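K.L.:
how does the following fold in three dimensions:
(one chain, ligands or ions: 1)
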Amino acid sequence: MRVDEGVGSRVKLLYFRIGEPMNLRVFQDALDARVARHDLLSHPFYQAWAEGKLSIGQLRAYASEYFHHVAAVPTFLSAFHSRLGDGALRRAVLRNLAEEEVEGRAHSDMWLDFAEGIGLSPERVRNSPPSAPVRDLIAHFDRSAREDSTAQILAAFYAYGSQVPRISGEEARGLLRHYGADAFTCGYFVLHTYADIRHSQIWQEQLGRVVVRDRKLAEPALDAAERAADWLWQALDCSTANRLCAFSTTAA
Ligand SMILES: [Fe+2]
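P.N.:
You can find the predicted model right below:
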């Protein structure tokens, strides 16, 4: 779960030496180290998923809750996009937004395929109220996209996107191996095993450009990345799906 706090602090000293050019490699290592402090794959909920220990009710609770976050991701991108000046970054954000919404199937619709595959109607999922932890998670990303600096937003997007491919891979594997899921049910996760590799690379490259231009933005960006990783962890930790999981583990 939480890793050695010293890693990020030590590398921080290296890229902040005044008068020397920014060491981008060291900054990116620090970024990954800060995100890894809240590595979602090590969360007990995802571990139970990978081992096939979640009940169908727990999977359904997760599908209903996290639909709202998946559906909100394009709104974070559009809020960020609307604040950017003309240039490569604005176009990169729009490209990502288009991929979420209109190129191929909308990702929120693909999430509903997953929900349908485990026995939930799209209407039921759409009409389910988001749980408080997921509402908070959405509010955090929404506020960040509207108010934070470009470096902080890119760092928060990276903290999310860089974890998605590994998590999606485990989710797809778990569904196929333990729950007899078909390709339709797993489509969202299979897509995200590779789609977000590219997206998170873009966030990382763009963030690198921003902090090389102005190294004072590096430390707030690292803080933002860790904060976002923590929001994601907390949301899962407090979610209904995880509380059901913890309850059933205790009860067993
Ligand atoms: Fe997506």
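K.L.:
contacting residues for the residue positioned nearest the centre of the chain?
P.N.:
Against the mean C-alpha coordinate of the chain, by Cα atoms, centre = their mean, the closest residue is residue 160 at 2.6 Å. By Cβ atoms under 8 Å, 6 or more residues apart in numbering, the contact set of residue 160 is 141, 228, 232. In this view, the C-beta of every residue, glycine as well, is placed from N, C-alpha and C.
K.L.:
distance between whichever helix or strand it is part of and the chain's centre?
P.N.:
According to DSSP states H and E, residue 160 maps onto helix 150-161. Computed by Cα atoms, centre = their mean, to the nearest Å, the chain-centroid distance of helix 150-161 equals 10 Å.
K.L.:
flag every buried residue along it.
P.N.:
By neighbour count on 16 or more other Cβ atoms under 10 Å, the buried set for helix 150-161 is 150-161.
K.L.:
surely residue 99 meets residue 195?
P.N.:
Yes - using Cβ atoms under 8 Å, residue 99 makes contact with residue 195 at a distance of 6.8 Å.
K.L.:
can I get the contacts of residue 160 in TSV including pLDDT, neighbour count and secondary structure?
P.N.:
Formatted as TSV, the contacts of residue 160 follow (pLDDT from 0 to 100; neighbours: other Cβ atoms under 10 Å; DSSP: H, G, I helix; E, B strand; the rest coil):
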residue	pLDDT	neighbour count	secondary structure
141	98	25	helix
228	98	27	helix
232	97	23	helix
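K.L.:
can you map out the strands along this structure?
P.N.:
Assigned strands in the chain: none (criterion: DSSP state E).
K.L.:
chain neighbours aside, what residue packs nearest to residue 188?
P.N.:
residue 110 (4.0 Å; Cβ to Cβ, 6 or more residues apart in numbering).
K.L.:
also residue 192?
P.N.:
residue 168 (3.8 Å).
K.L.:
that neighbour reaches residue 190, doesn't it?
P.N.:
Yes - here residue 168 lies in contact with residue 190, judged by Cβ under 8 Å, at a distance of 7.4 Å.
K.L.:
what about the two, which has more around it?
P.N.:
residue 168 (20 against 17; other Cβ atoms under 10 Å).
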